[in-house]
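> need a 3D model of the sequence below.
(2 chains)
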Amino acid sequence: MNLLGLAFKNLCHRKIRTGLTILGVGTSIAVFVSLVGLVGIFTDQFRQMYKSRQTDLIVREKGNFDFLSSGIDEAYADKIIKIPEIVSISKILIDFSLFGTKNYFLVLGWDQNSSLFSKLKIQGRRPENEDEALVGLTISRKLNKKIGDSIEVKGSRFTIVGIFESKSMFEEGSLVILLEKLQKIKKVPGKVTLLNLVVNKDGFYGGKPLREKEAENRIRSLITQMLPDIEVRNVDEMVSADNTVNLFLNFAWAISVIAFITAILGIINSMVTSVLEQTSKIGILLAIGWRKSRILSLVLYESILLGVSGGIFGLILGYGIMNVLMCLPQLQNIGRIDYNLIFMAKVIIISLAVGFLSGIYPAVRAILIKPIEALRYE
Amino acid sequence: MNNEPLVEVINLSRYYKDGNVLALDRVNLKVSGGEFLTIKGSSGSGKSTLLHIIGGLDLATSGEIYFQGQPAGNVYRQQGFRLNHLGFIFQAFYLWPALNVLENVLLPLMESSLSRQLKLQKAQSAVDLVGMSDKLNAPVNHLSIGQRQRVAIARALVMDPKLILADEPTGNLDSKNTENILTLFRDLKKHKNVTIVMVTHEEKALTFCDRWIQLSDGRIQ
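Model (predicted):
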C-alpha cells in the first residue's frame, strides 16, 4: 500500500461525500468543457471559412474590428493587385439580416466575377443581376427555399438562382448577392468590409513560401506603405482578433472561472470535513512517527484525486451536454464536436490544479494538528 | 529483564491551564529494559499525562527524561526515532476504518525504506503475533472490540520498538478480552523482551506485570 492507495481507500470509504463532491466538481468542469468546446467549434468554423477560400492574407480597416461598421475603399484592390506576388483579390462586404422572426443570417456581397464562387459547390448558378441571390444549404433547409423562390433582405426582394455547399458551416449559413447591391442596401457605395488575398507561394521571395514570417512581413509592409489606413492580417490573426469569437471566449472563461471557484470550494468543504473527522487518526499517524510532509501529501493526494475524478466525469458530462446542444435547431449547423485529446489533457491538468489548490488549506490544517490534542479529540 | 534503565524520569512536573492545575508533581521513575510496568491510578491522577510525556507526545513543564541515557528531548527530535523505538496503544484503538487489518498494521511501515516484500512480511508477522492471521484482509469495522485492540497492538509492534506505551488499552474491553490482552502483553514481554509501560485502572492488570506504581494527584505513592 502506498500513499496514493491510502488516499484512494479513504475516498472510497466516504462514498456519499466523495460521490457528491465528484458530481459537483464534474458539473463545474462540464460547464467549462461545453462552453469552451462550443467556442472552439465556432472558432474552427471561422478558420475553415478562410481556408476554404484559400485565403493567405486579409486586408481590412485599421483598428476597426467590427465587421458591420468597418469598411475600406474597394478601389484599394486595384492598387494591391499590382504587387506581383498577389494572385487574386476578392472583395467582400458583410452584413447580417433577419429572416422571419428569429433567424439571423450572414449576407455577403461579392463581385459577379469573384473567384470565391469557384470555391463553392453550386447547384444552379451564381447571381448575375442585382435581384438574384445564391443561398447556402443551411438557409435553404431552414427557410425551406429552393431555386426560383424569392427571399427578402432588408426590404429588397431577390430570386434564388442557386443553392451552394461550402466547406465552412458558417458560409453555408449565408446568402450571397452582388457587391453593388449590398453596397446600396447598406448605403456604403464603393466600400467593402475586407479584401481576401491569395498569394503566389511558388518560388516567392527567393524561393521562400509565404508562410514564412519574413515573406509575409514583406507583403504586409508593401501594402501598408502604399495604403496606411488599412491593416493586413493572416488567418490566425483574423480569427484570434475576431470580436465575436473573443466575446464568446471571454464569456466562456468568465463562467468557467466561477465554476472552478465553486469546484474548489466544494473540495475544500469536503476535505476540511474529512480532516476534522479524521483528527484522531491523523493524530495517531503523527504519534507513531509519520512526517508532517507525508500527512500533507496524503491530504493533497485525496483532494487531487477528487479533482481529477471530477475532471474525468466533467469531460464525459461536458461532451454529453455539447452533443445535446448540437441537436438544438439553433446550433445544428455550426460545426462538429472535436474530441481533441490535447483539450482533454488540458481539462485533466486544470482538474488536477483545482484539486491541488483545494487541498492546500485542509492539508495545512492537518499538519497543524498536535498529536496530543488529536488523541484527546474523540 | 535488563537492569539498565531504558527510561528515566527525574523530578517531572506538568502544569495545565496557565499553571493553575498541577497534573504531575515532581515524579521520579526508572523503567528497565524488558520490564512490564503498570501505572495505576484513578481518573485525573496524571497517569496518562506521564505516559504521553514519556512518549514525547506532550511536554513537561519542568524535570528531565532520559531514554537509554540520552536526554529524551534530543533523541525524540531525531527523524524516525519515535517510529523505530516507540509503539503506542490507546483505549480508542485509532484504526483507519477504510483499511483492512494488514493495511492498518502496514501504516507505520509506510515511513520506512524497507522493500515492499519485507514490509509485508513484517506486518504479517505482527498480525500473526497477536493471533489475527486469519483476519488479515478483514475490514477493521467488521472486527470485535477485542480484535480491534489486537490490531492496534500489532500496529504498535510492527516496527519492533524498544518501548510500548499503552494508555488504558483494556478500557473498552470486557473481562475476557481484558485478560486476553494482558496475557498477550505478558507473552510479548517474555518472548520479544519488549519494554511495556501500561496505564490502567484495571486491578486485574497488576497480576500480569512485573511491577506497578500508583499515581495519585500527580504524585507516585
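
> from here on, just use CA atoms for contacts and neighbour counts.
Noted.

> quick one, helices of chain A?
Assigned by DSSP state H, chain A shows helices spanning A:3-13, A:15-52, A:76-80, A:137-142, A:169-172, A:179-186, A:213-226, A:235-240, A:243-277, A:279-287, A:292-326, A:341-367, A:371-375.

> let me know which of the ones you listed is the nearest to residue B:70.
Smallest distance to residue B:70 across those (Cα to Cα): 20.2 Å, for helix A:279-287.

> for the record, mean pLDDT for the closest one?
Mean per-residue pLDDT for helix A:279-287: 85.

> also stretch B:24-32?
If you average the pLDDT over stretch B:24-32, you get 89.

> equivalent analysis for stretch A:187-203, please.
For stretch A:187-203, the mean confidence score works out to 84.

> for chain B, what is the nearest residue in chain A?
Nearest residue of chain A to chain B, counting by Cα to the nearest Cα: residue A:289, 4.5 Å away.

> which residue sits closest to that residue, ignoring its sequence neighbours?
Closest residue in space to residue A:289, ignoring its immediate chain neighbours: residue B:83 at 4.5 Å, by Cα to Cα, 6 or more residues apart in numbering or on different chains.

> buried ones in the one helix or strand the one you found maps to?
Applying DSSP states H and E as the criterion places residue B:83 in helix B:81-85. Residues of helix B:81-85 classed as buried: B:82, B:83, B:84, B:85 (neighbour count, 16 or more other Cα atoms under 10 Å in any protein chain shown).

> isn't the third one up against residue B:157?
Meaning residue B:84. No: Residue B:84 lies out of contact with residue B:157 (Cα atoms under 8 Å); the separation is 9.9 Å.

> quick one: low-confidence parts of the chain?
The chain I'm using is chain A. Along chain A, the model assigns pLDDT under 70 to residues A:65, A:67, A:201-215, A:329-335, A:377-378.

> not quite, go with chain B.
Using pLDDT under 70, chain B drops low at B:1-3.

> show me where it has its strands.
B:5-16, B:21-32, B:36-40, B:62-67, B:70-71, B:86-90, B:163-167, B:195-200, B:211-216, B:219-220 (DSSP state E).

> out of those, which is closest to residue A:226?
strand B:86-90 (85.8 Å).

> which secondary structure elements does the closest one contact?
Using 3 or more Cα pairs under 8 Å, 6 or more residues apart in numbering or on different chains; DSSP states H and E as the contact criterion, the elements in contact with strand B:86-90 are helix B:145-157, strand B:163-167.

> quick one, that strand and helix B:145-157 angle?
160 degrees (axes from the mean of the first three to the mean of the last three Cα atoms, to 10 degrees).

> quick check: angle from strand B:86-90 to strand B:195-200?
Using the same axes, to 10 degrees: strand B:86-90 against strand B:195-200 is 20 degrees.

> what sits against residue B:181?
Residues near residue B:181 by Cα atoms under 8 Å, 6 or more residues apart in numbering or on different chains: B:146, B:150, B:170.

> just give the closest residue to the first one, not the sequence neighbours.
Right, the one you point to is residue B:146. Closest residue to residue B:146 apart from its sequence neighbours, by Cα to Cα, 6+ apart: residue B:177 at 5.5 Å.

> I'd like to know how far the residue in chain B positioned nearest to chain A sits from residue B:115.
Chain A sits closest to residue B:83 of chain B, with a gap of 4.5 Å, by Cα to the nearest Cα. Relative to residue B:115, residue B:83 is positioned 17 Å away (Cα to Cα, to the nearest Å).

> who's in contact with the residue nearest the centre of chain B?
For chain B, the residue nearest the mean C-alpha position is residue B:165 (1.9 Å; Cα atoms, centre = their mean). Neighbouring residues of residue B:165 by Cα under 8 Å, 6+ apart: B:51, B:55, B:86, B:87, B:88, B:89, B:196, B:197, B:198.

> how about those, which pair is most distant?
It's B:86 and B:198 that sit farthest apart of the contacts of residue B:165, by Cα to Cα, at 13.0 Å.

> coming back round to it: tabulate the helices of chain A (TSV), appending distance to chain B.
As requested, these are exported to TSV (distance: least, Cα to the nearest Cα, whole Å):
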stretch	distance to chain B
helix A:3-13	5
helix A:15-52	11
helix A:76-80	73
helix A:137-142	58
helix A:169-172	54
helix A:179-186	71
helix A:213-226	56
helix A:235-240	50
helix A:243-277	11
helix A:279-287	6
helix A:292-326	8
helix A:341-367	15
helix A:371-375	6
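
> got the buried residues for stretch A:96-109?
A:96, A:105, A:106, A:107, A:108, A:109.

> count the residues that sit near residue A:33.
The number of residues packed near residue A:33 is 27, by other Cα atoms under 10 Å in any protein chain shown.

> now it, nearest residue through space, not along the chain?
Residue A:33 sits nearest to residue A:318 (Cα to Cα, 6+ apart), 5.1 Å away.

> figure out which of the helices and strands packed on strand B:86-90 is closest to residue A:220.
So among the helices and strands packed on strand B:86-90, helix B:145-157 is nearest, using Cα to Cα, at 75.2 Å.

> in the stretch 51-200 of chain A, which spans are strands?
Secondary structure of the stretch 51-200 of chain A (DSSP state E, counting those that start in this stretch): strands at A:57-61, A:72-73, A:86-99, A:103-110, A:121-124, A:132-136, A:150-153, A:156-165, A:174-178, A:191-192, A:194-199.

> parallel or antiparallel, list what pairs with the second one.
Read it as strand A:72-73. According to DSSP bridges, strand A:72-73 has the following sheet partners: strand A:191-192 (antiparallel).

> ok now the strand it pairs with, how far from the chain's centre?
28 Å (Cα atoms, centre = their mean, to the nearest Å).
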